[in-house]
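Enquirer: predicted model, plus sequence, below.
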Amino acid sequence: MNRLKTFSRGGIHPPDGKATTAGQPIKNAPLPARAVVPFSQHIGAPARSLVEVGQRVEEAQLIGEATGFVSASVHAPIPGTVKEIKSLYLPSGVKTEAAVIELDGAFSRLGKPIAQRDWSDLESDALLAILKEQGVVGQGGATFPSHVKFAVPKGKSCEALLVNAAECEPFLSADHRLMLERTEDLIEGIRMVQRILQPQRTVIGIESNKQNAIDALIPHAKREGIDVVPLKVKYPQGAEKNLVEAVLGREVPAGKLPIEVGAIIANVGTLISVCEAVRDNKPVIERVLTVAGGAIAQPGNIRARVGCTYRDLIEECGGFTEEPVKFISGGPMMGFAFTDLDTPVTKGTSGILALTAKEVNAFTQTSCLSCGFCVNVCPMGLSPTSIFKNVEHERLDEAASLGLDDCVLCGSCAFVCPAHIPLVSAFRAARGRRRRLSARNRG
Amino acid sequence: MTDQILISSSPQIHAPLSTRRVMVAVLLALVPAGLWSFYLFGLRSLAVIGASVAAAMVTEGLLNLVFHRKQSLGDLSAAVTGLLVAYNMPPAIPLYIPVVASVFAIAVVKWSFGGLGANWMNPALAGRVFVFFSWGKDMAHWTLPSVTGLDAITRPSLMEADVVSGPTPLGSVKVALSHLPQGVDGPMRLLESEGMPTSYLDLFLGRMAGSLGEMSAMLILLGGVVLILMRIVDWRIPLAYLASFSLLVWCFDGLQYGMGFFTGDVLFQLLTGGLMLGAFFMATDMPTTPLTGTGKLIFALGCGILTFVIRRFGNLPEGVSLAIIFMNIWVPLIDRWTKPSRYGASA
């Protein structure tokens, strides 16, 4: 076997925790009797509410329209009555308005035959308009609106479409299952995005621990002229800039987007949403996510409507077998800790994890030992310890000159740090302070 | 439902390592060499180790107390420093000397620069060098390992001193070289002509006079390899240190025996003195070594070269402590020269 491709700097091997969920088919979660639907489920401006309290909505009806350039539409996941518009915090810390819909009336789509749209003569602009209308956003975690991401800026061209099938976050296996169970939809989604971007080549980058998915993809990929590139299992293989380096051998210049080197990246879940939006005229009102962690009785992948609570899904997976010490929305490396089990599922929820003390390994922080572990693992070639020491002394410009803004917050440094220094949160906060300071100095 | 839920910023999971676990691993890796010193010198060795570790921990604890700092004894780094100080002491050392060395190591070298991780010089080595130049005679008074641990327990009077004095192999060679007899082609023959024949196996196992923890190359190697496998010690440092030192010995050390180039006795030089302890446990001290792999290589090469230069040309038989301390001084510069290549910087 030839050597697997990977990124050149750093990287870590956290315990992967995927074995329990990757082998089981996706289950359908029960439909929620009540759905809490945030208007801000994406990066950018929140959608503007189109509904009022007491109003009846149909399944898949547009209830929030995209405002501004970077924004996404929001649809009703269930038919029913809007009982309340409330404001809440999502695990990411984003404060948002949300429509609370109580189930009543008939589903207009669920269980009914769906008329398929023939998209064979649709052009790029028409396809982008559909993605905007159906509220498609990146489902790998960043939730960037797809109709903006796939609109190539003037003067640039997309040389390569990279399908991010690395799924390098421990525990998560939703993309893996989707590749096995929805192979043809994935390929069709890829073809739609190819139509939009007109790339010279399309590459699926996938970590080699998903051999059955690789085998499933290859015949389809061959037919469509798509390359399937198995990648070394190493975190953060699926971080955009590292994926670009691993697959194309090019580095995205600091502070720029991958399109600078001709690449646009789309993740597996997103492409399936693209396929459903275009072909089935279906907005993003449900997604597949992983419910796992040592404290979950029957971990698995589950297809859930937006707006159902984390509590519902954990109960669907058998509840807890042992005391969890930490709840995470997303993956354990970049996800958010939360306490409120009534938090709703959004378009960006890739996983719900309930971890045990043994999995978390929390210790008290000590001073930096200058061991250099963080330097060895940084996939961006930074020296986290040096940046941190400058941040601690509020020398933010010095920290920036050492690459504070290049950090992708992957968490590899903080994962290995024997002194348990919260490097990622220090960097995130320092960036915010520096931005505010420079804004104040300009004003 | 649970009422104790952790909230933190990402990452939400962590490798099982902590500062305390690093220190516990280092302590455990040092245990075999300590047991050997107990076997050779009995309670005497325990007394030195105990005094030195206790002095280091009491010093750190008191300083924290007096200056209202968070108590840091739990990270066990002071215990490691104390143990390494003890391992650098001759067995018959008066106990106040390791105590002074430990106090100096913790209070002056470690604490005054900001405590754990902030010191720029290896504290244990600094402590050793401090007392070496203060009590030179005691620090060069060696004991032959004729007393076994069991004897010392049954005959406590042995604790006191009447033990047999005798030089270390490196020390005897250094002295004897000034009046090199005819027909001696290397250090092993030289020791034989001095009436102290020894074998490489004795040197490897540690059947010789020396500091408490430095004698058995085999047991130090054992602990060192475990730390390398645990990724706590970077293999580059011991490897580059020993390799560069060996190369220089092989090339040039034969010259002082009237032999040609490339005749040096590498094995003798590797197995004697503090080299093994230094290469695996002193030159690998995290705060006082460079951050990157390349930096660590440069650092270790420097240690190897300097150790050779001091052993060969210096007045003292030993060169390891001073070589490592000298290289500690260069660490900030080495770090500046060996910054990792940043992603996207060249593009």
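Expert: On my side now, so go ahead.
Enquirer: in contact with residue 104, which residues?
Expert: Unless you meant another one, I'm taking chain A. A:79, A:80, A:81 (C-beta atoms under 8 Å, 6 or more residues apart in numbering or on different chains). The way it works is simple: take the backbone N, C-alpha and C, and place the C-beta from them, glycine included.
Enquirer: that's the wrong chain, I wanted chain B
Expert: B:126, B:127, B:130, B:131.
Enquirer: just among these, which is most surrounded?
Expert: residue B:127 (32 neighbours; other C-beta atoms under 10 Å in any protein chain shown).
Enquirer: name the element residue A:439 belongs to?
Expert: Remark: residue A:439 resides in helix A:423-442, with elements defined by DSSP states H and E.
Enquirer: check whether that helix contacts chain B.
Expert: Yes: using C-beta under 8 Å from any C-beta of the partner chain, helix A:423-442 reaches chain B at A:424, A:425, A:428.
Enquirer: any chance of JSON lines for those residues, columns pLDDT?
Expert: Written out in JSON lines, the entries for those read as follows (pLDDT from 0 to 100):
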{"residue": "A:424", "pLDDT": "96"}
{"residue": "A:425", "pLDDT": "94"}
{"residue": "A:428", "pLDDT": "95"}
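Enquirer: of these - the most surrounded one?
Expert: The residue in those with the most neighbours, by other C-beta under 10 Å, is residue A:424 (24 neighbours).
Enquirer: between the residues of helix A:423-442 next to chain B, which is nearest residue B:307?
Expert: Using C-beta to C-beta, residue A:424 is the member of the residues of helix A:423-442 next to chain B that sits closest to residue B:307, with 40.3 Å.
Enquirer: these two touch, right, the closest one and residue B:12?
Expert: No: counting by C-beta atoms under 8 Å, residue A:424 does not reach residue B:12; the two are 10.4 Å apart.
Enquirer: thinking again about what came up before, so what does the helix holding residue A:439 touch, helix or strand wise?
Expert: In this structure, helix A:423-442 makes packing contacts with helix A:384-392, helix A:396-401, helix A:412-416, judged by 3 or more C-beta pairs under 8 Å, 6 or more residues apart in numbering or on different chains; DSSP states H and E.
Enquirer: helix A:384-392 and that one, what's the angle between them?
Expert: The directions of helix A:423-442 and helix A:384-392 differ by 50 degrees, with axes from the mean of the first three to the mean of the last three C-alpha atoms, to 10 degrees as the criterion.
Enquirer: residues in contact with helix A:423-442?
Expert: By C-beta under 8 Å, 6+ apart, helix A:423-442 touches A:374, A:384, A:387-388, A:391-392, A:396-397, A:399-400, A:404-405, A:407, A:409, A:411, A:413-414, A:417, B:8-11.
Enquirer: return the distance of it from the chain's centre.
Expert: 24 Å (C-alpha atoms, centre = their mean, to the nearest Å).
Enquirer: repeat that for stretch A:137-152.
Expert: On the basis of C-alpha atoms, centre = their mean, stretch A:137-152 sits 10 Å off its chain's mean C-alpha point.
Enquirer: and that stretch, what's buried?
Expert: Judged by neighbour count (16 or more other C-beta atoms under 10 Å in any protein chain shown), stretch A:137-152 contains these buried residues: A:137-141, A:143-152.
Enquirer: just give me the closest of the residues you listed to chain B.
Expert: Closest to chain B out of those is residue A:141 (10.6 Å), distances taken as C-beta to the nearest C-beta.
Enquirer: can I assume that closest one is in contact with residue A:333?
Expert: No: distance between residue A:141 and residue A:333: 10.1 Å, which falls outside the contact criterion (C-beta under 8 Å).
Enquirer: pull the contacting residues for residue B:244.
Expert: Under the criterion of C-beta under 8 Å, 6+ apart, the contact list for residue B:244 reads B:300, B:301, B:303, B:304, B:305, B:308.
Enquirer: do residue A:339 as well
Expert: So residue A:339 contacts A:327, B:5, B:7 (C-beta under 8 Å, 6+ apart).
Enquirer: phi, psi of it?
Expert: In this entry, residue A:339 is assigned phi and psi values of phi -120, psi -20 (degrees, to the nearest 10).
Enquirer: nearest to residue A:290 among the contacts of residue B:244?
Expert: residue B:300 (44.6 Å).
Enquirer: not counting residues beside it along the chain, what's closest to residue A:390?
Expert: residue A:399 (4.0 Å; C-beta to C-beta, 6 or more residues apart in numbering or on different chains).
Enquirer: swap in residue A:212?
Expert: In space, residue A:212 comes closest to residue A:180 once its chain neighbours are excluded; the distance is 6.4 Å by C-beta to C-beta, 6+ apart.
Enquirer: over to residue A:313?
Expert: residue A:291 (5.3 Å).
Enquirer: which ones are touching the one you found?
Expert: By C-beta under 8 Å, 6+ apart, residue A:291 lies in contact with A:299, A:300, A:301, A:302, A:313, A:314, A:316, A:317, A:351, A:352, A:353.
Enquirer: how about a markdown table for those residues, with secondary structure added?
Expert: Compiled in a markdown table, the contacts of residue A:291 are given as follows (DSSP: H, G, I helix; E, B strand; the rest coil):
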| residue | secondary structure |
| --- | --- |
| A:299 | coil |
| A:300 | strand |
| A:301 | strand |
| A:302 | strand |
| A:313 | helix |
| A:314 | helix |
| A:316 | helix |
| A:317 | coil |
| A:351 | strand |
| A:352 | strand |
| A:353 | strand |
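Enquirer: CSV for the residues you listed, including neighbour count and pLDDT?
Expert: Compiled in CSV, these are given as follows (neighbours: other C-beta atoms under 10 Å in any protein chain shown; pLDDT from 0 to 100):
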residue, neighbour count, pLDDT
A:299, 25, 97
A:300, 23, 97
A:301, 26, 98
A:302, 24, 97
A:313, 23, 97
A:314, 22, 97
A:316, 18, 95
A:317, 24, 96
A:351, 24, 96
A:352, 31, 97
A:353, 31, 97
